[in-house]
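Chemist: A predicted structure for the sequence below; I have some questions about it.
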Amino acid sequence: MIKSIINELRISFIATVCLAVLLCGIYPALVWAVAQGLFHSQANGSLVSVKGQVIGSSLLAQRFAGPRYFHPRPSAAGDGYDAANSGGSNLGPTSQKLIAVVKERAIAYRTENNLAPGVVIPVDAVTASASGLDPHVSVPNAFLQARRVAEARGLNEEAVRRSIAAHTEGRDLGILGEPRVNILMLNLDLDGKG
Amino acid sequence: MDIYGWLQLAAFIGLLLFLTKPMGLYLLRVLDGEGRTFLDPVLKPVELLFYRIFRVDRKQEQDWKQYTISLLMFSLIGLLFTYLILRLQHLLPLNPQGLGPLSPDLAFNTAASFTTNTNWQSYGGESTLSYFSQMVGLAFHNFVSAAVGIAIAAALVRGIARHTAKTIGHFWVDLVRVNLYLLFPICLIYALFLVSQGMIQNFKAYETAKVVEPYTVQVVKKDTTGQEMKDAQGKAVMEEHKIDTQTIAQGPMASQVAIKMLGTNGGGFVNANAAHPYENPTPLSNFIQMLSIFLIPSGLTYYLGRMVKNRRHGWAIWGAMAVLFLAGVLICWSAESAGNPHLTALGIDRAGGNMEGKEVRFGIFNSALFATVTTDASCGAVNAMHDSFTPLGGLVPLTNIQLGEVVFGGVGAGLYGMLVFVILTVFLAGLMVGRTPEYLGNKIEAYDVKVSVLAVLVLCFSILGFAAWSAVRPWGLAGLNNMGPHGLSELLYAYSSAVGNNGSAFAGLNANTPWLNTTLGIAMLCGRFLFIVPVLALAGNLARKKLVPESAGSFPVSGLTFIVLLVGTVVIVGALTFFPALAMGPVVEHFIMTGSGKLF
């Protein structure tokens, strides 16, 4: 019995080393080599550069708070939009904290976008995303912000709405997921850097 | 609950059904030591080389005790291997961020978590683990713990299929073949697909981006020694910080995520897991990730049917699983679509559903579907924060875990868990008609029922025992992020997830404390190994039984009656065991949320 256990421990040790070489060495290196060749931009984070300077990733939200820019969803990642510390608020539906902060955001959203009292606020505009880095907002959320952005920039609202439409992504393969607007790419476009 | 949700659900089930037979046929070849696959020309030499280095005789099968010893020793070495890597992280390569070693309790928790295929995340991913720790310390277990699960399922199926036999297979052969012919090749292609969707795969240091709109934040001022400064009233002194950069985590993610999903492991490369846009960039990557969780478990039901020469039995089990799966999806989806009445009262669109802790690209339906899939299986990856689900929406993943994750289930673990319930079902059916129960030519006797019940009881006792203990101790309550019934749900979920080897969480619970890390680590080891040993004992006992030819009095293990009885057994065992605890958590929270304005 003892002898057999010692023998099994020996095999276990060797098996761990051998399998690790294949599955933790060769396998990820192979994926890395092919991915860097075939999908260079994606494999390196879909980074966006302006004049040679990396300004963010097209897949990740960053903070926009001024009236000239479309605003992403609220973020609970680190101190907000921390792309090295992702996460949600994890507040439950009957949490005092959650309802208080949503109320605050709803009032702010209504005020800054000058919404009539009867207009309902899109829920994604006032709730924190799961990752804290959700790069998208819902289509109604983007359109409700259009007038504010147009006024702050002295642009025709119709032109801003056209930009939104141009940056709206439909459902994948026609049925998967939800229609959405990428905030960073939309804002860059308005800045003339897209 | 819109038309697109229904279409996606139909597409998901349709594709799963379509892939079940091909996957099952391939599993038949992989799990047969002499089986041939189309990859033999490349991989057979590697397989044989492994046996030579191990010095094992691949033709010498093991009885259940030898099989168990091999499995336990291998798991023990793996546990130590990962514990050491995590403790020595700062001395090892591929650590561009210079991350320090993990504390002993966090390293134990994480090593136990990955050895048991749980992948509970007390660690923070991008903020805690180096690339080496992820790629070697964790991904190693993503492969081998999945292979071990499949090996156990195969051993149990062999036990059922064989008669008057001593052996139930060869652990080392099963381990090597599953890794080599099944997991490795699929992951290779799958990982590249994920990169094409936007997932990262690199070894760079974290990227620093100059943000478009710099901003200032108020932070607590620190003195020269790093102490937080306080004014005369004891209030923290604040100062303005200008922020003009965003640090973006990088790493070899795709290779790890492929096996994380296929092996139903679920441990996130980053803290936000599959909700992070890098870890799940598009609705398409999301769809394929969900499908890949169920792929092998679903194929295993077909494998079972072929091995026991009763294909209808395999499909009947598939059917029972599908019924429980659909029930979960529909409840969770409708609860999340209904949204949070407290938000509606603030002038927020009700039709948008409950979007706190969800991502826009997935929306309500894909978040509900993912939550159901990941907890039906023992995966535990999340693309939305379960802690922020509505009470009934969160009840579904919690219940799925407590039922034993037998709805398709973890790779291997789902099938062997369900087969334990099948034994109980056959036994109950036998009681009802007053005959000695039979199962596929095996007479089911006291010993078989005892070990099956033992396996089920281990799960119940561990979950409820640990959850009750933590709910009355300061170390348990200290970690809570939510108060009231939701707080109890957080603890209940944590231990259910640990014992069930799921790994998803009501993640508000700050579990990274010595007490919680240690008790959760022990809970995971109990849930895995105290379940596996009875299952292998059952396999050994079934294998040695004489064949009892089927007669007119045998209870048929296919068809509608069997499906109804099986689903009933699973639900009744789960409901009787966990309903009282659930009533005090999510159920009462639901009534408080819909019936009163009370907040916690």
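Modeler: Perfect, I can see it now.

Chemist: going forward, measure contacts and count neighbours with C-alpha atoms only.
Modeler: Will do.

Chemist: Show me where the stretch 251-400 of chain B has its helices.
Modeler: Ranges of helices within the stretch 251-400 of chain B are B:254-262, B:283-307, B:311-338, B:341-344, B:363-376, B:391-402, based on DSSP state H, counting those that start in this stretch.

Chemist: Would you mind listing the buried residues in the helix or strand harbouring B:Val573?
Modeler: Element membership for B:Val573, per DSSP states H and E: helix B:560-582. Across helix B:560-582, burial judged by 16 or more other Cα atoms under 10 Å in any protein chain shown covers B:562-563, B:565-567, B:569-571, B:574, B:577-578, B:581-582.

Chemist: Next secondary structure after it?
Modeler: helix B:588-595.

Chemist: Compute the inter-axis angle for that following helix and helix B:391-402.
Modeler: 160 degrees (axes from the mean of the first three to the mean of the last three Cα atoms, to 10 degrees).

Chemist: packing partners for helix B:588-595?
Modeler: Packing partners of helix B:588-595 (3 or more Cα pairs under 8 Å, 6 or more residues apart in numbering or on different chains; DSSP states H and E): helix B:341-344, helix B:391-402, helix B:485-499.

Chemist: could those helices be laid out in a markdown table, adding mean neighbour count?
Modeler: Below are the helices and strands packed on helix B:588-595 laid out as a markdown table (neighbours: other Cα atoms under 10 Å in any protein chain shown):
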| stretch | mean neighbour count |
| --- | --- |
| helix B:341-344 | 20 |
| helix B:391-402 | 27 |
| helix B:485-499 | 29 |
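
Chemist: tell me what the helix holding B:Val573 is packed against?
Modeler: Packed next to helix B:560-582, using 3+ Cα pairs under 8 Å, 6+ apart, are helix B:311-338, helix B:391-402, helix B:413-433.

Chemist: Ramachandran coordinates for A:Gly177?
Modeler: Per-residue torsions, A:Gly177: phi 80, psi -160 (degrees, to the nearest 10).

Chemist: same thing with the one 5 residues further on?
Modeler: Main-chain torsions, A:Asn182, degrees, to the nearest 10: phi -80, psi 110.

Chemist: so A:Val123 touches B:Glu359, yeah?
Modeler: No. If you go by Cα atoms under 8 Å, A:Val123 and B:Glu359 don't touch, sitting 11.6 Å apart.

Chemist: more crowded one of the two?
Modeler: Using other Cα atoms under 10 Å in any protein chain shown, the more surrounded residue of A:Val123 and B:Glu359 is B:Glu359, with 31 against 27.

Chemist: So for the more buried one, what's the pLDDT?
Modeler: Note for B:Glu359: predicted pLDDT of 97.

Chemist: Kindly list the longest helix within chain A.
Modeler: helix A:2-20 (DSSP state H).

Chemist: Pull out the buried positions in that one.
Modeler: A:Glu8, A:Leu9, A:Arg10, A:Ile11, A:Ser12, A:Phe13, A:Ile14, A:Ala15, A:Thr16, A:Leu19, A:Ala20.

Chemist: Centre of the chain to the helix holding B:Val573, how far?
Modeler: From the chain centre to the centre of helix B:560-582 is a distance of 21 Å (Cα atoms, centre = their mean, to the nearest Å).

Chemist: Residues contacting it, please?
Modeler: Here helix B:560-582 makes contact (Cα atoms under 8 Å, 6 or more residues apart in numbering or on different chains) with B:316-317, B:319-321, B:323-324, B:395, B:399, B:402-403, B:421-422, B:424-425, B:460, B:489, B:556.

Chemist: Got a PyMOL select line for the buried ones in those?
Modeler: Here is the PyMOL selection string for the buried members of the contacts of helix B:560-582, based on 16+ other Cα under 10 Å:
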select buried, chain B and resi 316+317+319+320+321+324+395+399+402+403+421+422+424+425+460+489+556
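
Chemist: picking that back up, can you redo the helices and strands packed on helix B:560-582 as a markdown table with mean pLDDT and distance to chain A?
Modeler: As requested, the helices and strands packed on helix B:560-582 are exported to a markdown table (pLDDT from 0 to 100; distance: least, Cα to the nearest Cα, whole Å):
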| stretch | mean pLDDT | distance to chain A |
| --- | --- | --- |
| helix B:311-338 | 97 | 11 |
| helix B:391-402 | 96 | 7 |
| helix B:413-433 | 93 | 21 |
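
Chemist: Mind splitting chain A into its structural domains?
Modeler: A:2-42, A:46-190 (automatic domain parsing).

Chemist: ah, wrong one, I meant chain B
Modeler: For chain B, automatic domain parsing gives the domain ranges B:207-248, B:411-595.

Chemist: Give me the residue at the spatial middle of chain A.
Modeler: A:Asp134 (2.4 Å; Cα atoms, centre = their mean).

Chemist: so how far is B:Asp244 from that residue?
Modeler: From A:Asp134 across to B:Asp244, the span is 19 Å (Cα to Cα, to the nearest Å).

Chemist: Check what pLDDT residue 108 gets.
Modeler: Because you didn't say which chain, this covers chain A. In this model, A:Ala108 carries a pLDDT of 96.

Chemist: oops, chain B please
Modeler: On the pLDDT scale, B:Phe108 is placed at 95.
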